[in-house]
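**Student:** predicted model follows, preceded by the sequence.
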Amino acid sequence: MLIVVVLFATVLLRAAIVMTFVYLMLPAKRVCPRCGAKLALIRHTLLRVLVPAVEHRWCLECGWSGVVRQAQSRVIKRAARS
């Protein structure tokens with residue numbers, strides 16, 4: 001039983017490390033990584049519930065669509081409310 005717990009803990013630790021690095025690699029700015037134009041917010045209720053620290057954004061000029069990190073002020077305000 002101890003071996004199962006240790007193996008499960010290493011899997012959870014590995015998943016946490018991977019998710020941290022993926023989050024840190026997401027762009028944090030509100031400008032398009034391709035053309036530099038402003039990005040429009042696309043609201044997803046499921047994404048907002050599951051991962052509230054990221055947003056889905058879309059570039060109106062070049063059509064780039066992707067996930068970016070939320071601004072720190074929004075994350076701090078949301079944490080202060082709860």
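**Tutor:** Nice, I can see it. Only a predicted model underlies this, so the values are computations on that prediction, with no experimental measurement involved. Numbering: from 1, shown residues only.
**Student:** so for the chain, the centremost residue is which one?
**Tutor:** In the chain, the centroid-proximal residue (Cα atoms, centre = their mean) is V54; its distance is 3.3 Å.
**Student:** could you give the number of residues near Y23?
**Tutor:** A count of nearby residues for Y23, using other Cβ atoms under 10 Å, gives 13. To be clear about C-beta, it is placed using only N, CA and C from the backbone, and glycine gets the same treatment.
**Student:** ugh, wrong one, I meant A37
**Tutor:** When neighbours are counted by other Cβ under 10 Å, A37 registers 13.
**Student:** pLDDT below threshold where in this structure?
**Tutor:** Scanning the chain with the threshold set as pLDDT under 70 gives 72-82.
**Student:** tell me where it has strands.
**Tutor:** Ranges of strands within the chain are 39-42, 54-59, 65-69, based on DSSP state E.
**Student:** deepest of these, which one?
**Tutor:** Sort the strands of the chain by mean neighbour count, taking mean count of other Cβ atoms under 10 Å, and strand 54-59 sits at the top with a mean of 18.
**Student:** the longest helix seen in the chain to strand 54-59, inter-axis angle?
**Tutor:** Taking DSSP state H as the assignment, the helix of the chain that covers the most residues is helix 2-25. Using axes from the mean of the first three to the mean of the last three Cα atoms, to 10 degrees, one finds that helix 2-25 and strand 54-59 are set 30 degrees apart in direction.
**Student:** tell me the contacts of C35?
**Tutor:** Counting by Cβ atoms under 8 Å, 6 or more residues apart in numbering, C35 touches C59, E61, C62, W64.
**Student:** ditto for V18
**Tutor:** Contacts of V18 (Cβ under 8 Å, 6+ apart): none.
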